[in-house]
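# pasting the structure only:
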């Protein structure tokens, strides 16, 4: 079977679907006429980003972390060292004088470079710390939850089913196994809201970097779902791309789920969901778990003391103003419209002038980036506060 670019998406879907059904990688690569390296790359892309990971990718990234040439960045740092009192606008004017043939970076970009190297003096402000403990090895229930989609499979009705699963890291308790029609966030929100209402809120949630938990084209990879979690005081923990073993306890549950509740697949979603519900009951209350010393997850898990709530408007008392992000993802300051990201639509952010005509944009406890009067966008901070833990 040739690997044609014109129907590459369909080919990748069939390739991944058959791997999820248990067929061997080497056999599949020979049949599709691709190398094993390419086969593993496609499969890992699916595990990290879901169906969207199988789409044809643009060659240039949406946001390049090193878009400022090294020589220009070095010149910026040199000028700042020679003139410590100068801010980004004055440094930019100096760059124009020294390098007239090179397009100078925006003042907000220069300010972000200085901030990344610790050359910006920040005004102190009150920090709003999200509740939580050490997230790497949570020793108590609700210290860390894990969420993921078990690989999609086809029902008898020829429709694909995408099971969304949520577990507690410490007790292995399975909160939900919901068969959805896609990995879109519209289907995920009701599942998490139901779980939050019934069991309370965790300190953190660990996921992969795929949709809807993350968005490859948004600021810091955030999604509407993860922004909602932050509003609820839930910290975000992401695994390293291509390393599902970092969510190993959850992946082990998926193996059991696949064996006991998906083979053979039911005819429709209602029948399949019935099998999922039965699996959840048995897994929690009738199946001894070796990692728990033979106890059931239901004997170890206790609901969270943090009840689900509807978050109010965040306060930014040490910022100059609080602005609500428009539905198209913009911050409106008078006649100026600054592009932020649609994942923050409807959220309130804090704006503060850090330097002459340069504004810091913050969301809750996180400083997102800088904007200036010339560039109608937010320049991300040098360090991603939501980067996957390596």
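Great, that's in hand. No experiment lies behind these values; they were computed from the predicted model shown. Numbers count the residues shown, from 1 in each chain.

# for the most centrally placed residue in the chain, helix, strand, or coil?
In the chain, the residue lying closest to the centroid (Cα atoms, centre = their mean) is residue 214, at 2.5 Å. Per DSSP: H, G, I helix; E, B strand; the rest coil, the secondary structure class of residue 214 is coil.

# not counting sequence-adjacent ones, nearest residue to it?
Leaving aside its chain neighbours, residue 214 sits nearest to residue 221 (4.6 Å; criterion: Cβ to Cβ, 6 or more residues apart in numbering). Glycine gets a C-beta too; all of them are placed from N, C-alpha and C.

# cool, and residue 15?
residue 32 (5.7 Å).

# shouldn't the one you found be in contact with residue 10?
No: counting by Cβ atoms under 8 Å, residue 32 stays clear of residue 10, with 11.8 Å between them.

# which one of these two is surrounded by more residues?
A count of neighbours by other Cβ atoms under 10 Å puts residue 32 above the other of residue 32 and residue 10, at 18 against 11.

# and that one, how far from residue 40?
13 Å (Cβ to Cβ, to the nearest Å).

# would you map the helices across the stretch 51-200 of the chain?
70-82, 88-98, 107-116, 185-199 (DSSP state H, counting those that start in this stretch).

# swap in the stretch 251-390 of the chain?
Under DSSP H, counting those that start in this stretch, the stretch 251-390 of the chain gives helices at 269-285, 297-300.

# so which of those gets nearest residue 21?
helix 269-285 (15.4 Å; Cβ to Cβ).

# buried sites along that closest one?
269, 272, 273, 275, 276, 279, 280, 283, 284 (16 or more other Cβ atoms under 10 Å).

# include distance to residue 175 when you put those into JSON lines, please.
Output for the buried residues of helix 269-285, formatted as JSON lines (distance: Cβ to Cβ, whole Å):
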{"residue": "269", "distance to residue 175": "20"}
{"residue": "272", "distance to residue 175": "18"}
{"residue": "273", "distance to residue 175": "15"}
{"residue": "275", "distance to residue 175": "17"}
{"residue": "276", "distance to residue 175": "12"}
{"residue": "279", "distance to residue 175": "13"}
{"residue": "280", "distance to residue 175": "8"}
{"residue": "283", "distance to residue 175": "11"}
{"residue": "284", "distance to residue 175": "9"}
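
# any regions of the chain where pLDDT drops low?
1-8, 52, 55-68, 122-137, 382-390 (pLDDT under 70).

# can you list the domain ranges for it.
The domain map for the chain lists 5-54, 70-116, 145-300, 321-380, with the assignment taken from automatic domain parsing.

# just put those in CSV and tack on distance to residue 139.
Below are the domains of the chain laid out as CSV (distance: least, Cβ to Cβ, whole Å):
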stretch, distance to residue 139
domain 5-54, 28
domain 70-116, 35
domain 145-300, 6
domain 321-380, 24
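
# indicate which one of the ones you listed is closest to residue 313.
Of all the domains of the chain, domain 321-380 sits nearest to residue 313, with 5.3 Å by Cβ to Cβ.

# what's the nearest residue to residue 204 if we skip its chain neighbours?
residue 235 (4.0 Å).

# residues near the one you found, how many?
Neighbour count for residue 235, taken as other Cβ under 10 Å: 20.

# give me the phi and psi for it.
phi -80, psi 150 (degrees, to the nearest 10).

# these two touch, right, it and residue 206?
No: under the criterion of Cβ under 8 Å, residue 235 makes no contact with residue 206, lying 9.6 Å away.

# between the helices of the stretch 251-390 of the chain, which one is closest to residue 149.
Across these, closest to residue 149 is helix 269-285 (Cβ to Cβ), at 13.0 Å.

# one step back: make JSON lines out of the helices of the stretch 51-200 of the chain and add mean neighbour count and distance to residue 298.
Formatted as JSON lines, the helices of the stretch 51-200 of the chain follow (neighbours: other Cβ atoms under 10 Å; distance: least, Cβ to Cβ, whole Å):
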{"stretch": "helix 70-82", "mean neighbour count": "15", "distance to residue 298": "55"}
{"stretch": "helix 88-98", "mean neighbour count": "18", "distance to residue 298": "57"}
{"stretch": "helix 107-116", "mean neighbour count": "24", "distance to residue 298": "48"}
{"stretch": "helix 185-199", "mean neighbour count": "17", "distance to residue 298": "12"}
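
# turn the ones you listed into TSV, including distance to residue 353.
Below are these laid out as TSV (distance: least, Cβ to Cβ, whole Å):
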stretch	distance to residue 353
helix 70-82	19
helix 88-98	12
helix 107-116	11
helix 185-199	34
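
# how about the strands in the stretch 1-150 of the chain?
Using DSSP state E, counting those that start in this stretch, the strands assigned to the stretch 1-150 of the chain run over residues 145-149.

# tally of neighbours for residue 301?
20.

# cool, thanks, talk later.
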